[in-house]
Every structure is written in C-alpha cells, then in structure tokens.
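[1] need coordinates for the following:
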Amino acid sequence: MQIWQSFVLTFLPLLIAIDALGNIPFIVSLSEGMSLHERRRMINVATVTAAIVGLAFLFFGQFILKVLNITPGSFAIAGGIILLVLSIRYMTTGHFVEAIKEEMAAVVPIGTPLTVGPATITTLLLLTPIYPLYIILISFAVNIALNWVIFMLSSHIVNFMGQGGVKGISKVFSLLLAAIAVSMILRGLVLLDILKTAS
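    Okay, here's the model as predicted:
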C-alpha cells in the first residue's frame, strides 16, 4: 500500500507538470505537412530527448544542489515560486513557454522545454528527497510512455475533444499545478523553520 501511495503521489505531480494534453496543439501545428513516418519520427525524437533531460536532472540534480550549497527548504520555496509563475502564465497566455517552429522542433521546443521543462525538472528535484528514487523513476517512465501515446494519438484526440476541450483540461491541470506550487512553498517554509506545522 505504501508503494502504491508513493507512486500516486509522484505520478500525479509529474503528470500535471508534463501536461501532455496541453502540448497537443504544438504537436499538431509543428507536424503540419509532414508524412506519417516523419511525424512519428518527430514524436520519437521528442520523447527520447525529454527522457534524457529528465533522467539527467533526476540522477544528478541533488548533487548539483549540494555542490551549490542549496538547502532543500530553499529549493522547495524557489521551485514552488517557479511552478506558481509557470501555472499563472499558462492560465493567462495558454502556454508555459514560447514555442518557435524550427528544424529541430522534435528536440526544441517539444522534447524540451515543452515536455520536460522548468515545471517537470523542478518537480523531479523536489520529489527526490521525499520519495525513493526507484518510485520516482517508475513514475517518470510511466509519464513519458503516456506522453508518447498521447502525442501519437494527438490528431484523434483533437478530433474527438476539439481544441476547446483540450485547452479546458489543460487549464484545470495548470490550476492543480498552482496548488502543488503553493504546497511546495509552504513545505519549504516549514523546512527552514519559518513556518510551524499545524499540530
């Protein structure tokens, strides 16, 4: 039961941060005019890129924090603020970051920063001190696999839900991300003994 609970508590924040449904419009627009083979190759390259970037921060992120002498509490507050700003930006502008169409669209911006960007990286770094590494690794791998499936089915999803439906779900996800961000900030304040936990 403990393992499943940890899995859910790591899977859901990553699911919200990666926001595969919210990235569907980028996949559709950037793959416009491509053959089916080219489109699938773009999605495969984007998925591999996202996985490599995420794993790099998952395994070496905490080492970087130690080298820079950044405490978990400080990073939790900074990370929470970043996630909060990103979620507010998404709710107001419709995207986490600016996307630019270019030759390496599969790597940038789809692989990173749209799939694994500041929100996902921050979430991975904040989860690492709390949960076992193998649980986070499984959650991240399942999310990446789910992201790949959604990207592959993006055209069908848009046809079924419509652009409005996809954007609506993504807005709800961004609101949940904001709530997670506030929770991270509060946890950071507790770790720094600035805020006391409720008795």
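[2] residues near the residue nearest to residue 129 when sequence neighbours are not counted, how many?
    Counting by CB to CB, 6 or more residues apart in numbering, residue 129 lies nearest to residue 72, which is 5.2 Å off, once chain neighbours are set aside. All C-beta spots, glycine's among them, are computed from the backbone N, C-alpha and C. Residue neighbour count, defined by other CB atoms under 10 Å, stands at 19 for residue 72.
[3] pull the longest helix from the chain.
    helix 154-191 (DSSP state H).
[4] please point out which parts of that one sit buried.
    154, 157-158, 166, 170, 173-174, 176-178, 180-181, 184-189, 191 (16 or more other CB atoms under 10 Å).
[5] who does that helix touch, helix- and strand-wise?
    The contact analysis (3 or more CB pairs under 8 Å, 6 or more residues apart in numbering; DSSP states H and E) places helix 154-191 against helix 2-18, helix 20-30, helix 72-93, helix 118-127.
[6] roughly how far out does the third one sit from the chain middle?
    I take that to be helix 72-93. 12 Å (CA atoms, centre = their mean, to the nearest Å).
[7] isn't residue 58 right up against residue 138?
    No. Using CB atoms under 8 Å, residue 58 is not in contact with residue 138, being 11.4 Å away.
[8] name the residues contacting each of these two.
    Common neighbours of residue 58 and residue 138, using CB atoms under 8 Å, 6 or more residues apart in numbering, do not exist here.
[9] where in the protein is pLDDT low?
    By pLDDT under 70, the low-scoring segments of the chain are 1, 29, 32, 94-105, 109, 197-199.
[10] how about 90 then?
    Scanning the chain for pLDDT under 90 picks out 1-2, 16-17, 19-39, 61-66, 68-123, 125-126, 129-130, 154-199.
[11] nearest to residue 162, of the helices and strands packed on helix 154-191?
    helix 20-30 (11.2 Å; CB to CB).
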